[in-house]
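Engineer: got a sequence here, can you build the structure:
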Amino acid sequence: VAASQPLGLSGPLKRHADQLLALSCAVATCWAGPLRQDGISWDCKSPSPLTPQQTILYTYVGENRIENQDVQHHVQVRANVELGVISPCLFSFKLSDVDLQGVSVANRYAFKEALERHPLLFHSEDGIVGEMRHDPAELPWALNVKRAIISMMQIPRTALDANSIVSETDVFGTCETRYTPGNVGRSGGTVTKSKNLASCFGRFGSSLPVIYTPYESKVSPFQTIPMTNGSFECQQTVDANRWITKAECKEKEYLHLAARGLGEQTAITSTGVLIMQQIFGSVKPVPETVNVRSTIKFDHSVTRAEKTEAREVVGLLRDLCRSTAEDIRPEASGAFAKLVAAMRGLTAPAL
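Structural biologist: Okay, here's the model as predicted:
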């Protein structure tokens, strides 16, 4: 924050610059890079009915729709999901035969290649997904797609016994989640999982202008700005081992914006269907490069921050000071966004 001294400012303008720089530091949250780990736990703290060294093959179909009065957009993804049981609590995950509909041919090939290239590892015990490992070359958006599919498989073993409300962490963040079991017996059964997405923690951090803004108050039922609201429901079918054989999930988000004096609503609908097909008696090896630690939470960083020179940030801060010294002009929001993006690329000493 003391770096505002070389700006050559004084008096109220200097105090204004100090305040802007401090706020920018808080928002920037510099990217520190992935944390590498040599291994991931094979062990289970409690007994597991799963047989190791087998691969469970699923088919996956996902659809995204964006609809309002001006536009309708539809994308569909089909893929095979290869889930390798390395140990009763350690799993490998790989997508194959990916097919994308609704975009250009060039983008479709790039999408397919990125999703199929790298496997990942994750630890799951009692139906709860824990730590994950991915390849350092894995693209954030591709990893997010895989996180979403893995989240469809998550179901606490205790949720099959009675109606329950739990705090669950998955691709949506940490959310209050309601489980309602149907006819669950020794041979398996069905469970309905539902979430009020406005109650979720950790659904923010995007570099985009508006996704979710947090005000995490433990006493409030809402953890995101009421500009958005959404719901999620999933019908999960389990076998005698209480393992997912089928999941049908639907997320619906509404984005409310005031434009041209009218209230407009955009509906974003995502559906996913995951169905078990067969089981093989072997597991494909996972490359040693799959060693970057991560979690099942959605990664909002669309791209990694590019390196920035301190003088560039100082120049942007000067521009912002000029545009907000007397009043808030329309270009101020763009200048602030540029400043935050540039500060993310600074090293810690430069910041």
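
Engineer: quick one: low-confidence ranges for this structure?
Structural biologist: 1-39, 70-71, 104-106, 203-229, 256-264, 302-307, 328-334 (pLDDT under 70).

Engineer: ranges for the helices of it?
Structural biologist: 11-28, 105-117, 140-153, 310-324, 332-343 (DSSP state H).

Engineer: the inter-axis angle of the fourth one versus helix 332-343?
Structural biologist: What that stands for is helix 310-324. With axes from the mean of the first three to the mean of the last three C-alpha atoms, to 10 degrees defining the directions, helix 310-324 sits at 160 degrees from helix 332-343.

Engineer: what's the answer for the third one, then?
Structural biologist: Taking the same axes, to 10 degrees, one finds helix 140-153 and helix 332-343 inclined to each other by 90 degrees.

Engineer: could you pull out the strands for the chain?
Structural biologist: Taking DSSP state E as the criterion, the chain carries its strands at 35-36, 54-67, 72-87, 90-101, 120-125, 128-134, 164-170, 173-181, 189-196, 228-238, 244-259, 262-280, 292-294.

Engineer: what strands line up against the longest one, and which way round?
Structural biologist: Taking DSSP bridges as the criterion, strand 262-280 pairs within the sheet with strand 54-67 (antiparallel), strand 244-259 (antiparallel).

Engineer: any chance of those in JSON lines, with mean neighbour count and distance to Arg178 too?
Structural biologist: Glycine gets a C-beta too; all of them are placed from N, C-alpha and C. What follows is the strands paired with strand 262-280, written out as JSON lines (neighbours: other C-beta atoms under 10 Å; distance: least, C-beta to C-beta, whole Å):
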{"stretch": "strand 54-67", "mean neighbour count": "17", "distance to Arg178": "23"}
{"stretch": "strand 244-259", "mean neighbour count": "16", "distance to Arg178": "14"}
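
Engineer: can I get those in CSV including distance to Glu116?
Structural biologist: Listed next are the strands paired with strand 262-280 as CSV, based on distance: least, C-beta to C-beta, whole Å:
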stretch, distance to Glu116
strand 54-67, 13
strand 244-259, 21
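
Engineer: closest to Tyr179 out of these?
Structural biologist: Closest to Tyr179 of the strands paired with strand 262-280 is strand 244-259 (C-beta to C-beta; 13.2 Å).

Engineer: run the angle between the closest one and strand 189-196 for me.
Structural biologist: Angle, strand 244-259 to strand 189-196, by the same axes, to 10 degrees: 20 degrees.

Engineer: shift numbering so it begins at 14
Structural biologist: Will do, 14 is the new start, and the previous item becomes strand 257-272.

Engineer: re earlier: could the strands of the chain go into a markdown table alongside distance to His313?
Structural biologist: Output for the strands of the chain, formatted as a markdown table (distance: least, C-beta to C-beta, whole Å):
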| stretch | distance to His313 |
| --- | --- |
| strand 48-49 | 18 |
| strand 67-80 | 17 |
| strand 85-100 | 20 |
| strand 103-114 | 21 |
| strand 133-138 | 19 |
| strand 141-147 | 16 |
| strand 177-183 | 15 |
| strand 186-194 | 10 |
| strand 202-209 | 18 |
| strand 241-251 | 14 |
| strand 257-272 | 15 |
| strand 275-293 | 16 |
| strand 305-307 | 13 |
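
Engineer: and the chain, what are its domains?
Structural biologist: Here the domain assignment for the chain is 15-44+318-356, 48-307, based on automatic domain parsing.

Engineer: if we can go back for a sec, nearest to Met166, of the strands of the chain?
Structural biologist: The minimum distance between Met166 and those falls on strand 257-272, with 4.7 Å, by C-beta to C-beta.

Engineer: so which residue is dead centre in this structure?
Structural biologist: Centroid check for the chain by C-alpha atoms, centre = their mean gives Phe311 as the closest residue, at 1.1 Å.

Engineer: residue contacts, Glu264?
Structural biologist: 210, 243-245, 282-284 (C-beta atoms under 8 Å, 6 or more residues apart in numbering).
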